[in-house]
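Colleague: model this:
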Amino acid sequence: MAERLPESEITAALGALPGWTFDVTDGSLWRAYTFRDFVEAFGFMAQVAALQERMDHHATITNTYSQVGVRLSTHDAGGVTERDLALARALEERALGR
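Modeller: Next comes the predicted model:
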């Protein structure tokens, strides 16, 4: 099982993940992505779904038209782990490649 990271490590890691924030109320990472339209947003969500399956780690994803919200935490660990940071980095790579 992955171990929950201390808040200081999470905050330091977020320096390399612009747009991501740490929500102390529920111990998760949060990021909203905005796309040109629903089709582009849905395409990103499809890429994210495939990526999550490969990584065997799944985010909470929301969608409202052109906006996709992503919330990451490792439920078994009760907060953010290195797995969440790795998925956040991979999502950033996908978003930059759009």
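
Colleague: helix or strand right after the top helix by length along the chain?
Modeller: In the chain, with assignment by DSSP state H, the single longest helix is helix 38-55. For helix 38-55, the following helix or strand on the C-terminal side (DSSP states H and E) is strand 60-64.

Colleague: quick one: mean pLDDT over that next one.
Modeller: Strand 60-64 shows an average pLDDT of 97 in the prediction.

Colleague: hmm, back to that, return the list of helices and strands in contact with the longest helix of the chain.
Modeller: strand 60-64, strand 67-72, helix 82-96 (3 or more CB pairs under 8 Å, 6 or more residues apart in numbering; DSSP states H and E). In short, each C-beta sits where N, CA and C put it, glycine included.

Colleague: the shortest one pairs with which strands?
Modeller: Strand 60-64 has the following sheet partners, assigned by DSSP bridges: strand 67-72 (antiparallel).

Colleague: show residues contacting the partner strand.
Modeller: Residues outside strand 67-72 that contact it (CB atoms under 8 Å, 6 or more residues apart in numbering): 23, 28-35, 41, 44-45, 48, 59-63, 80, 84, 87-88, 91.
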